[in-house]
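A.B. asks: Pasting the sequence and the predicted coordinates here, then a few questions.
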Amino acid sequence: MSKLVQGYEVVIGFETHTQLSTQSKIFSRAPTAFGAEPNTQACAVDMALPGTLPVMNVGAVERAIEFGLAVNSHIAERSIFARKNYFYPDLPKGYQISQFEIPVVQGGEVSFFMEEGKETVHKTVRLVRAHLEEDAGKSLHEDSSLGASIGNGRGHSGIDLNRAGTPLLEIVTEPDMRSSDEAVAYAKELHKIVTWIGICDGNMQEGSFRCDANVSVRKPGAELGTRREIKNLNSFKFMQQAIDYEVRWQIDQLEDGHAIEQATVLFDPDTGETRSMRTKEDAADYRYFPDPDLPPLVIGRDWVERVKAEMAELPRVMAERFVTQYGLPEYDATQLTQSKATAAYFEATAKACGQAKLASNWIMGEVSRRLNTGDVTFDNLPVSSAQLAALITRITDNTISNNAAKQVFDALWSEGSQDAHDATAGASRVDAIIEAKGLRQMNDTGELEKIIDDVLAANPKNVEEFKAGNVKALNGLVGPIMKASKGKANPAQVNALLLKKLA
């Protein structure tokens, strides 16, 4: 969707709930594993039994620090936990422990590249904050597993408290996005960051990475419009559909003379529509106040520096290195650092063959195309980096043509990797396929010249047209030559010899 829709500017901000990858909950020792039987992973603290007290999970704090460092945020030396008061059946305490006035992560930005028309543009979304909080439980209705277990028939509901107390890092942006495309690109980049640094598994289907989109529209230059929050978007596809529908709905409302009421809405994938869930609350409605059971969270600079020293190379840093070290375009470098596995595969291939741009082209082209059509990932790729490097080497030393290389790649993909990362074995396997399929290019100039002479003699009309200035007539000669050589002639060599003889 473009930035201006029917004369209106779209304004989008995001709140993303990132489930942290700790083994236990944020304020208790209860486990966080997904898929357990209902209410088997909820302890006395999670159930808010009288006399229980929360104890901060150090691992959750360290993951918040890692995220702050990854997005150039300020890590607060002192932050405070608050009680956010609201009632839900799956919130036993009647309040959620969160951070309000002083969050642990403040400011920062997420930068990414995206396609706009035929151009690749650089975008930056500013972050307001990222704060630690606990998740609520889950209500299960009617025919769900828990609902069915507590009675016969329909109309029953049950509460599963397994998720209650699961550590979350809520990441809040400024309203910097101006289209659904931009919003999805931001969400994908954020997803890449949190999974890359390992603070979240990123499983959207299991609710580990849930996005809320605050959407409003306005006339260009006007004040910000009234926003509606689309809750719990757990797929990039639905995210785009939900935002596009909400934008059209708000514009239709305004064009019909109706005011937009601030509200929380849900997206229904079956109908492709958003529907209002409740009037949107403001901070005052939650009656925030400091939690008396939790002291301020104090993070010393030595702790931050220790976490920083232990962090792996960040994707944006690695992308910059790929540009300077390997001479790649920024777009290539960004695409190749979408995951650690992709980046590692590229770097191993580029170092082995010494042709970084060709390695990038093959990975972003042939390899990615096949990954998109099957269940294979970079972690179990049938063609090893050593094999791809050997294949690229045989292209650059003119052993095989690009078309022949695709046939070799097909064979490698079908048989599966047999050499892991052994460069010698990789080259041997590639050479063996080339010989078995008879794909080696014709490098005998004398034999090639004889084929060219025969084709020129058989096609005098094309020769006359070329000499008369019709450059396209050359194509009518190249085809028969390649056919006569059974595809083994080097196209560049064919062109060079043709032009020499025609001159």
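C.D. replies: Everything's here; your move.

A.B. asks: per-domain residue ranges of this structure.
C.D. replies: 4-285, 312-437, 445-502 (automatic domain parsing).

A.B. asks: As JSON lines, the ones you listed with mean pLDDT, distance to Pro292 and mean neighbour count would be great.
C.D. replies: For the C-beta atoms, the positions are set from N, CA and C on the backbone; glycine is no exception. Converted to JSON lines, those look like this (pLDDT from 0 to 100; distance: least, C-beta to C-beta, whole Å; neighbours: other C-beta atoms under 10 Å):
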{"stretch": "domain 4-285", "mean pLDDT": "92", "distance to Pro292": "9", "mean neighbour count": "18"}
{"stretch": "domain 312-437", "mean pLDDT": "90", "distance to Pro292": "38", "mean neighbour count": "18"}
{"stretch": "domain 445-502", "mean pLDDT": "78", "distance to Pro292": "77", "mean neighbour count": "15"}
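
A.B. asks: The ones you listed: which one's closest to Asp302?
C.D. replies: Closest approach to Asp302 among these (C-beta to C-beta): domain 4-285, 11.2 Å.

A.B. asks: what ranges do the strands span in the stretch 201-350 of the chain?
C.D. replies: 209-218, 228-233, 263-268, 273-279, 289-290, 297-298 (DSSP state E, counting those that start in this stretch).

A.B. asks: Compare the domains of the chain and give me the one nearest Ile299.
C.D. replies: domain 4-285 (5.7 Å).

A.B. asks: Look at the closest one and report the distance between its end residues.
C.D. replies: Domain 4-285 has an end-to-end distance of 34 Å (C-alpha to C-alpha, to the nearest Å).

A.B. asks: ranges for the strands of the stretch 51-200 of the chain?
C.D. replies: Per DSSP E, counting those that start in this stretch, the stretch 51-200 of the chain carries strands over the ranges 74-75, 78-79, 82-85, 95-98, 105-106, 109-116, 119-134, 138-141, 157-160, 167-173.

A.B. asks: between these, which gets nearest to Asp379?
C.D. replies: Of those, nearest to Asp379 by C-beta to C-beta is strand 109-116, at 23.6 Å.

A.B. asks: mind listing what the closest residue to Ala185 other than its chain neighbours touches?
C.D. replies: Nearest residue to Ala185 in three dimensions, chain neighbours excluded: Met114, at 4.2 Å (C-beta to C-beta, 6 or more residues apart in numbering). The contact partners of Met114, taken as C-beta atoms under 8 Å, 6 or more residues apart in numbering, are Thr120, Val121, Lys123, Asp181, Glu182, Ala185.

A.B. asks: Repeat that for Glu255.
C.D. replies: Gln6.

A.B. asks: Could you check how far Val217 is from Leu266?
C.D. replies: Computed as C-beta to C-beta, to the nearest Å, the Val217 to Leu266 distance reads 19 Å.

A.B. asks: name the helices or strands packed onto the helix or strand Ser428 falls within?
C.D. replies: When elements are assigned from DSSP states H and E, Ser428 belongs to helix 423-437. In terms of contacts (3 or more C-beta pairs under 8 Å, 6 or more residues apart in numbering; DSSP states H and E), helix 423-437 is packed against helix 385-396, helix 402-415.

A.B. asks: got CSV for these, with distance to Pro480 too?
C.D. replies: Formatted as CSV, the helices and strands packed on helix 423-437 follow (distance: least, C-beta to C-beta, whole Å):
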stretch, distance to Pro480
helix 385-396, 24
helix 402-415, 16
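
A.B. asks: Among the ones you listed, which comes closest to Tyr288?
C.D. replies: Here helix 385-396 is closest among the helices and strands packed on helix 423-437 (C-beta to C-beta), at 51.9 Å.
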